[in-house]
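1. Provide a 3D model corresponding to the input given below.
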Amino acid sequence: MRDLLPPEVAVAVAGVDDWDGELLPAERACLSERAVERRRRDFTAGRVCARRALAGLGVPPVAVPAAPDRAPVWPPGVVGTITHTPGYCAAAVARADQIRSVGMDAELRDRELAPGVRRLVGLPEEWADCARLPATAPWAAVLFSAKETIYKVWHPVVGTWLGFHDARVELDPDSGLFTARISPARLDAAPVPDPPATVTGRFAVDADVVRTAAILLPR
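-> Numbering: from 1, shown residues only. Got it, this is the predicted structure:
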């Protein structure tokens, strides 16, 4: 994710050993005894990466537990995000006085979206836009990933749910940028002043995964 985020954001990507790394007690307490092996490995890699990214900001080792909604709980003065998909995990953090919010997402490149999922994820005009793009990338996976990133940027700032259809996304294959415009209805309903009306981020398509990331700057 380093290539998608500004230098103020510290990034750590999981290595082979991170999936079986050590959790701190407050982190282990967030895992149910019934958690399946994949959930445990994803959670572990995410927390190991989170602490390595925090170290990049000069923050000493600290637990990164999960809130009731499973979002990471970062130390005071820090914003951050974690993503994982089969075979890939990363964490990114920044000082809250430099970055208002950061989000990122990774999806398998060959992920197929069933017709019902396509209707849930994308607006008709977004799918029409994707159909007009050159067939050089899995645009359905890019769109899905961008929407996940937009939610991760929105929620820590506004504190409310943002549905897939609440953001109209445009993809620019030439620049590797995406732009999301939040629906007026969702902006009007936001419980905070000056909610982000537009989110601009970057995307990359690798051999196995699609990656997206975005930030919000302080007001």
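2. can you give me the helices for the chain?
-> For the chain, the helices defined by DSSP state H cover 25-28, 37-56, 115-121, 124-132, 139-158, 184-189.
3. these: which one's closest to residue 214?
-> helix 139-158 (5.2 Å; Cβ to Cβ). (Each C-beta comes from the backbone N, C-alpha and C, glycine too.)
4. return the set of buried residues in the closest one.
-> 139-158 (16 or more other Cβ atoms under 10 Å).
5. lowest-pLDDT helix or strand in this protein?
-> Of all helical and strand segments in the chain, the minimum by mean pLDDT, DSSP states H and E falls on helix 115-121, at a mean of 92.
6. for the residue nearest the centre of the chain, give its distance to residue 190.
-> Most central in the chain under Cα atoms, centre = their mean is residue 104, positioned 2.7 Å from the mean C-alpha point. As judged by Cβ to Cβ, to the nearest Å, residue 104 and residue 190 stand 22 Å apart.
7. now residue 65
-> Relative to residue 190, and taking Cβ to Cβ, residue 65 is found at 27 Å.
8. quick one: average confidence on stretch 72-79?
-> For stretch 72-79, the mean per-residue pLDDT is 96.
9. need the contact partners of it.
-> 46, 50, 54, 57, 59, 62, 64-67, 80-82, 93-97, 99-102, 156 (Cβ atoms under 8 Å, 6 or more residues apart in numbering).
10. among these, name the buried ones.
-> 46, 50, 54, 57, 59, 64-66, 80-82, 93-94, 96, 99-102, 156.
11. rewinding a little: the helices of the chain: lowest mean pLDDT?
-> helix 115-121 - the lowest mean pLDDT of these, at a mean of 92.
12. and for it, what's in contact with it?
-> Contacts of helix 115-121 (Cβ under 8 Å, 6+ apart): 113, 127, 140, 143-144, 147, 164.
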